[in-house]
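S.K.: Predicted model follows, preceded by the sequence.
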Number of protein chains: 2
Amino acid sequence: MLTKEQLIEYSEDARKTYLDHISIDCVVFGFHEGQMKVLLLKPDDEEKWLLPGGFVQKLEPIEMAANRILKERTGLDKIFLQQFHIFGDPDRAKFHHDLYKDTVPDEENWFAKRFLSIGYYALVDFFGVVPQADQFSELCTWRDLDDMPELLLDHELIFKTALDTLRLQLNYQPIGYNLMPGEFTMPELQKLYETILDKKLDRRNFQRRILGFGILTRAEQPRKGGAHKAPYLYSFDLEKYQNALTEGFKGGW
Amino acid sequence: MLTKEQLIEYSEDARKTYLDHISIDCVVFGFHEGQMKVLLLKPDDEEKWLLPGGFVQKLEPIEMAANRILKERTGLDKIFLQQFHIFGDPDRAKFHHDLYKDTVPDEENWFAKRFLSIGYYALVDFFGVVPQADQFSELCTWRDLDDMPELLLDHELIFKTALDTLRLQLNYQPIGYNLMPGEFTMPELQKLYETILDKKLDRRNFQRRILGFGILTRAEQPRKGGAHKAPYLYSFDLEKYQNALTEGFKGGW
């Protein structure tokens, strides 16, 4: 918790620098070989955790703000963040009001204003990035989805909405280009989908559906070695993958 | 255009009533028997048109604000509006600045602030509602999608993003419950999809895919009368339809 003087100083700086009433929160999912995690901060002197978040500078485009905030708070740079929802419940402000109501009046506490938070999400390979905590946090670390700590504010809702969005996205957008090796087998790709959805999928249905999307190229030679029948190798056709990202799947209407 | 005195008075009222920096714009699509339209306002003394929009009261949940704004500006009530995107380009404020920069300084013109606009969209039967212009508009009317007037501000972008979202939504959510009669033929439902997508669809593929979603019930008796083979009648299974709205299609992963 900040001292009264610190809070007033930070409030004055924030008032000059940032737009009132707008914040951004980032849900960065990490995937690696069948494991899925989310990037969280543990603030100093708090039991509960936070999604990395911050505010929008007065003349800053919101996509730039999202990337700057993620970099400042976690060290992660050049991540493809997608806007997914704005959280506008008037009661989400109460936390900052309650925390300081006995030391600093709301008029001087910029953070006690009502904030609408724009949610951004991303999915990265957690082996490819090194999170670093900022000055306000003890820890910045990947947490398993099945071992989540309690979250502050409405960050549980923001996290769950991002996860629902990611799962829904599997139905209409390609995924995995930055998560799979250059060549991969069908079971390896199926594992990505199963991990995100947290359920087993039927092997044949998966193969038929994913091939129907028209974004995969099959190598002529199966993978060598091993006692079993050698599996075919696939790679993403980057041009078709990009088209499907912007225009939807060939398998659409 | 407002007089200087009007603008200053409206600015003072707005400053007391609304959150700074947040606006809402609504894209209401209308469908009826193969025609698709969008609801637009023609402001007084302007050549260009606008989407119905407004501001969020200081303690108002944003979904309530969207519904209130749509009702105040167009008379449409109890419409299911869905949030789809927030538009945060810093330059989108320029219009209100430029319009009044010679008569009222920006400090006194609340509307010249930077506003991030939350986009909401809906799809309704345009025979079922009667639009009414508000006090700031000459006209509030349905315009054909292939005969769109020029739009003010970034409303062309907001409109196009809503249309893309609606088309994408056809891939992962059911649509049409409020647009089709209680019983309908497969070609009648196909017409809805073709109208939204603005393209012809293959009859067999459409039938296979839409039945695969598991949201339709077929009546035992085909429709009577007519010289041709009588077509089967379908209706939406409301329970399955609602499930698919919240949990995605059975045909999903």
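M.R.: Structure received. On a predicted model such as this, the values are computed, not experimentally measured, just so you know. Residues are numbered from 1 along each chain as shown, chains lettered A, B, ... in the order given.
S.K.: what about stretch A:209-222, average pLDDT?
M.R.: Average pLDDT, stretch A:209-222: 89.
S.K.: Retrieve the pLDDT associated with the residue lying closest to A:Gln83 once chain neighbours are set aside.
M.R.: Nearest non-adjacent residue to A:Gln83, counting by Cβ to Cβ, 6 or more residues apart in numbering or on different chains: A:Tyr120, 5.5 Å away. (C-beta placed from N, C-alpha, C; glycine too.) A:Tyr120 is assigned a pLDDT of 98 by the prediction.
S.K.: Using the three-state scheme, assign A:Tyr120.
M.R.: At A:Tyr120 the chain is in strand, as set by DSSP: H, G, I helix; E, B strand; the rest coil.
S.K.: I figured it hits A:Ser23, correct?
M.R.: No: counting by Cβ atoms under 8 Å, A:Tyr120 does not reach A:Ser23; the two are 11.2 Å apart.
S.K.: Neighbour count for the two, which is higher?
M.R.: Shown here are A:Tyr120 and A:Ser23; by other Cβ atoms under 10 Å in any protein chain shown, A:Tyr120 has more neighbours (29 against 21).
S.K.: Enumerate every residue touching that one.
M.R.: If you count contacts by Cβ atoms under 8 Å, 6 or more residues apart in numbering or on different chains, A:Tyr120 has them with A:24-27, A:66, A:70, A:81-84.
S.K.: so which pair among those residues is furthest apart in space?
M.R.: A:Leu70 and A:Phe84 (14.4 Å; Cβ to Cβ).
S.K.: do stretch A:161-174 and chain B meet?
M.R.: Yes: using Cβ under 8 Å from any Cβ of the partner chain, we find that stretch A:161-174 touches chain B at A:167-168, A:170-172.
S.K.: which SS state does A:Glu63 fall under?
M.R.: Counting by three-state DSSP, the backbone at A:Glu63 sits in helix.
S.K.: before we move on, what about A:Gly128?
M.R.: Here A:Gly128 is recorded as coil under three-state DSSP.
S.K.: can you give me the strands in the stretch 1-150 of chain A?
M.R.: Using DSSP state E, counting those that start in this stretch, the strands of the stretch 1-150 of chain A run over A:18-32, A:35-43, A:53-57, A:82-87, A:116-125, A:137-144.
S.K.: ok so, going back, between A:Leu70 and A:Phe84, which has more neighbouring residues?
M.R.: Shown here are A:Leu70 and A:Phe84; by other Cβ under 10 Å, A:Leu70 has more neighbours (25 against 19).
S.K.: Looking at the contacts of A:Tyr120, which is nearest chain B?
M.R.: A:Gln83 (6.5 Å; Cβ to the nearest Cβ).
S.K.: How much space separates the closest one from B:Ile62?
M.R.: Distance of A:Gln83 to B:Ile62, given as Cβ to Cβ, to the nearest Å: 15 Å.
S.K.: more crowded one of the two?
M.R.: B:Ile62 (20 against 16).
S.K.: can I assume the more buried one is in contact with A:His85?
M.R.: No: B:Ile62 is beyond contact range of A:His85, at 10.7 Å (criterion: Cβ under 8 Å).
S.K.: quick one: common contacting residues for these two?
M.R.: B:Gln83.
S.K.: Need the pLDDT of A:Gln173.
M.R.: The model reports A:Gln173 with a pLDDT of 86.
S.K.: hang on, the earlier thing: compare the strands of the stretch 1-150 of chain A and give me the one nearest B:Lys94.
M.R.: The stretch from the strands of the stretch 1-150 of chain A with the least distance to B:Lys94 (Cβ to Cβ) is strand A:18-32; that distance is 16.3 Å.
S.K.: Who are the packing partners of that closest one?
M.R.: Here strand A:18-32 touches strand A:35-43, strand A:53-57, helix A:62-74, strand A:116-125, helix A:155-169, helix A:186-197, strand B:18-32, going by 3 or more Cβ pairs under 8 Å, 6 or more residues apart in numbering or on different chains; DSSP states H and E.
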